[in-house]
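Q: just coords:
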Ligand SMILES: NC(=O)C1=CN([C@@H]2O[C@H](COP(=O)(O)OP(=O)(O)OC[C@H]3O[C@@H](n4cnc5c(N)ncnc54)[C@H](OP(=O)(O)O)[C@@H]3O)[C@@H](O)[C@H]2O)C=CC1
Ligand SMILES: O=C(O)C(=O)Cc1ccc(O)cc1
């Protein structure tokens with residue numbers, strides 16, 4: 001029996017055997033980190049066709065054993081983590097779940113938990129435990145300090161302690177939730193945030209416009225929009241499709257985002273200044289408070305920091321000596337959507353924010369905390385038509401993504417995603433590098449603030 005508080009310093013015969021099924025981006029990240037830390041019995045597999053290439057990749061990794069399939073991994077491991085596509089999970093667990101070793105603990109890395117829970121409950125034998133997890137960040141972000149959700153679903157306390165011990169080398173911050181809480185929170189944070197960036201990408205691709213090349217989307221929060229959009233489209237489509245389509249809460253959030261976008265755009269077209277100001281300022285009050293009592297320190301995105309990460313080599317277009325105003329429809333709609341759904345994004349920020357959600361909330365806060373900036377956006381939305389072409393594409397794109405998610409259509413999602421991704425593909429390498437640097441610098445500056453050392 002393995003001690004629940006075991007560490008990688010323990011002799012190999014006292015260590016738990018760890019099983020990783022699915023050796024894509026996330027499986028690889030976990031294998032490397034756990035092996036580097038000194039866990040000595042890590043069984044891995046992907047689909048059988050990948051066996052030889054996995055053997056070659058891991059030949060020099062101490063403690064990593066490539067197995068022929070998930071049956072072998074399941075039969076030999078005390079802790080088994082499935083890191084496969086959400087849509088395939090049911091099939092994969094149906095196949096290998098019944099082979100799980102008696103008394104083992106099973107987890108899933110799946111970004112959406114409703115189908116994972118159903119598959120585990122249906123196919124795992126009664127004599128195995130379920131303690132699931134979810135790293136709330138992509139595979140290219142350092143794991144240290146990032147939220148790692150742990151879900152003790154069907155297990156004694158000791159099983160949770162053992163999972164904590166096994167995953168401790170990631171140095172992530174454990175966040176404890178139930179399966180239901182997980183899906184509600186990630187619908188509020190990830191799914192609706194992705195809807196905004198997917199819509200921006202599709203809008204720019206539909207307009208055949210590389211946003212950083214024309215001086216409009218250069219510098220400040222425009223840099224966040226461009227870099228995160230490209231980051232999302234360079235990731236795997238199935239990650240975003242799964243967490244939006246299979247999450248029972250997500251379609252409501254994404255639908256409201258598209259509705260907020262449309263409603264605001266109608267007020268813009270009607271040049272209804274009173275109506276638009278009222279709606280935006282009510283949303284601001286609901287999400288950011290009345291400005292008199294600041295309950296928390298702002299995220300503080302700094303223009304000077306963000307400017308360093310712009311993909312655009314052009315100077316931003318200006319109006320006199322100010323940067324050209326943008327309606328920031330995507331951000332106005334985001335805050336309106338949070339307000340209408342009664343979502344408090346700051347509650348999620350403290351508990352379970354992904355780096356992308358943190359950046360997006362930072363962008364919203366940057367715009368909404370300053371009445372001067374917000375008024376400039378409202379004024380541009382009503383009277384400056386230079387962004388109208390982009391805004392109309394954005395409305396169409398956001399409704400298209402919402403429909404695609406509510407139809408639950410994976411094929412349509414894949415086509416939409418890949419079509420837009422193809423438009424941006426030539427810049428993925430640069431955008432990935434610059435985007436990672438940007439996220440790291442912003443996360444470091446947040447850490448400094450949290451430690452009270454930024455002043
Ligand atoms: N990427 C991200 O940013 C994050 C992803 N996640 C979640 O983690 C999970 C994995 O994502 P990610 O690693 O990015 O995706 P990948 O597509 O990179 O990896 C999934 C892997 O599982 C393999 N697989 C499929 N079927 C089987 C099987 N029967 N036996 C063994 N392996 C199989 C796939 O093979 P094949 O390609 O041939 O299908 C693929 O190599 C998903 O559920 C995702 O939602 C969670 C946090 C962040
Ligand atoms: O940070 C984000 O929202 C990302 O896009 C990366 C990501 C994708 C899927 C997850 O389950 C967790 C993180």
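A: Received it, and whenever you're ready, just let me know what you need. Quick caveat: nothing in here was measured; it's all calculated off a predicted structure. Ligands and ions are numbered 1, 2, ... in the order given.

Q: Just confirm residue 404 contacts residue 413, I think it does.
A: Yes - look at residue 404 against residue 413 with Cβ atoms under 8 Å: they come within range, at 5.3 Å. (Glycine included, C-beta is placed from N, CA and C.)

Q: elements contacting the strand or helix carrying residue 411?
A: For residue 411, the element it lies in under DSSP states H and E is helix 410-424. When contacts are defined as 3 or more Cβ pairs under 8 Å, 6 or more residues apart in numbering; DSSP states H and E, helix 410-424 packs onto helix 192-206, helix 220-234, helix 237-245, helix 388-407.

Q: Contact partners for the residue nearest to residue 357 when sequence neighbours are not counted?
A: Nearest non-adjacent residue to residue 357, counting by Cβ to Cβ, 6 or more residues apart in numbering: residue 189, 4.4 Å away. For residue 189, the contact set (Cβ atoms under 8 Å, 6 or more residues apart in numbering) comprises 345, 348, 352, 353, 354, 357.

Q: circling back to that earlier point, now do the helix holding residue 411, average pLDDT.
A: Averaged over helix 410-424, pLDDT sits at 97.

Q: quick one: average pLDDT of stretch 434-443?
A: For stretch 434-443, mean pLDDT rounds to 75.

Q: How about stretch 56-64?
A: The average pLDDT within stretch 56-64 is 95.

Q: List the buried residues of it.
A: 57, 58, 63, 64 (16 or more other Cβ atoms under 10 Å).

Q: can you check stretch 132-144 too?
A: Of the residues in stretch 132-144, 132, 133, 134, 135, 136, 137, 138, 139, 141, 143 count as buried by neighbour count, 16+ other Cβ under 10 Å.

Q: Show me the two of those that sit farthest apart.
A: Greatest spatial distance among these (Cβ to Cβ): 132 and 141, at 20.3 Å.

Q: In contact with the residue in the stretch 101-250 of the chain positioned nearest to ligand 2, which residues are there?
A: Closest approach between the stretch 101-250 of the chain and ligand 2, counting by Cβ to the nearest ligand atom: residue 111, at 3.1 Å. Residue 111 makes contacts with 86, 134, 186, 190, 239, 242, 243, as judged by Cβ under 8 Å, 6+ apart.

Q: Looking at these, which one is closest to residue 259?
A: Set against residue 259, the nearest of those by Cβ to Cβ is residue 190 (19.3 Å).

Q: could you check the angle helix 192-206 makes with the helix holding residue 411?
A: Orientation note: helix 410-424 sits at an angle of 60 degrees relative to helix 192-206 (axes from the mean of the first three to the mean of the last three Cα atoms, to 10 degrees).

Q: Number of residues surrounding whatever residue of the stretch 201-350 of the chain ends up closest to ligand 1?
A: Of all residues in the stretch 201-350 of the chain, residue 239 sits closest to ligand 1, at 4.5 Å by Cβ to the nearest ligand atom. Around residue 239 there are 22 other residues, counting by other Cβ atoms under 10 Å.

Q: what's the nearest residue to it if we skip its chain neighbours?
A: Distances taken as Cβ to Cβ, 6+ apart place residue 111 nearest to residue 239, at 6.2 Å, with adjacent residues excluded.

Q: can you tell me how far the residue lying closest to residue 14 once chain neighbours are set aside sits from ligand 2?
A: Take residue 14 and drop its neighbours on the chain: the residue closest to it by Cβ to Cβ, 6+ apart is residue 6, 6.4 Å away. Per Cβ to the nearest ligand atom, to the nearest Å, residue 6 is found 28 Å from ligand 2.

Q: Check residue 13 too.
A: Look at residue 13 and ligand 2: by Cβ to the nearest ligand atom, they are 35 Å apart.

Q: Residue 339 now?
A: 21 Å.

Q: Just give me the neighbour total for the residue of the stretch 351-455 of the chain found nearest ligand 2.
A: Nearest residue of the stretch 351-455 of the chain to ligand 2, counting by Cβ to the nearest ligand atom: residue 354, 3.1 Å away. By other Cβ under 10 Å, 23 other residues sit near residue 354.

Q: quick one: contacts for it?
A: By Cβ under 8 Å, 6+ apart, the contact list for residue 354 reads 136, 137, 147, 189, 190, 193.

Q: now do residue 383
A: residue 271.

Q: For the stretch 151-300 of the chain, what lies in contact range of ligand 1?
A: Listed as neighbours of ligand 1 in the stretch 151-300 of the chain under the rule Cβ under 6 Å from any ligand atom: 235, 236, 239, 242.

Q: So for the third one, what's the pLDDT?
A: In other words, residue 239. pLDDT, read off for residue 239, is 98.

Q: In this structure residue 249 contacts residue 183, no?
A: Yes - assessed by Cβ under 8 Å, residue 249 is found in contact with residue 183 at 5.7 Å.

Q: Look at those two and report which has more neighbours.
A: Neighbours per residue (other Cβ under 10 Å) separate residue 249 from residue 183, with residue 183 holding more: 25 against 19.

Q: How far off centre is the helix or strand that contains that one?
A: Assigned by DSSP H and E, residue 183 belongs to helix 179-186. Distance of helix 179-186 from its chain centroid, counting by Cα atoms, centre = their mean, to the nearest Å, is 14 Å.

Q: now residue 354: how far from residue 260?
A: 21 Å (Cβ to Cβ, to the nearest Å).

Q: Also residue 356?
A: Taking Cβ to Cβ, one finds residue 356 at 19 Å from residue 260.

Q: Could you do residue 183 as well?
A: From residue 183 across to residue 260, the span is 22 Å (Cβ to Cβ).

Q: ditto for residue 58
A: Separation of residue 58 from residue 260 (Cβ to Cβ): 47 Å.

Q: The residue of the stretch 101-250 of the chain closest to ligand 2 falls within a strand, correct?
A: No - if the criterion is DSSP: H, G, I helix; E, B strand; the rest coil, then residue 111 is coil and not within a strand.

Q: hang on, the earlier thing: out of the buried residues of stretch 56-64, which is nearest to ligand 1?
A: Nearest to ligand 1 among these is residue 57, at 12.0 Å by Cβ to the nearest ligand atom.

Q: Could you measure from that closest one over to residue 429?
A: Separation of residue 57 from residue 429 (Cβ to Cβ): 21 Å.

Q: Do you know the pLDDT at the residue nearest to residue 14?
A: The per-residue pLDDT reported for residue 6 equals 98.

Q: Give me the phi and psi angles of it.
A: Backbone torsions for residue 6, taken as degrees, to the nearest 10, come to phi -60, psi 150.

Q: gap between stretch 90-102 and the chain center?
A: 27 Å.

Q: Flag every buried residue along that stretch.
A: Buried residues in stretch 90-102, counted by 16+ other Cβ under 10 Å: 90, 92, 93, 95, 96, 97, 99, 100, 101.

Q: among the residues you listed, which are in reach of ligand 1?
A: Residues of the buried residues of stretch 90-102 in contact with ligand 1 (Cβ under 6 Å from any ligand atom): residue 92.
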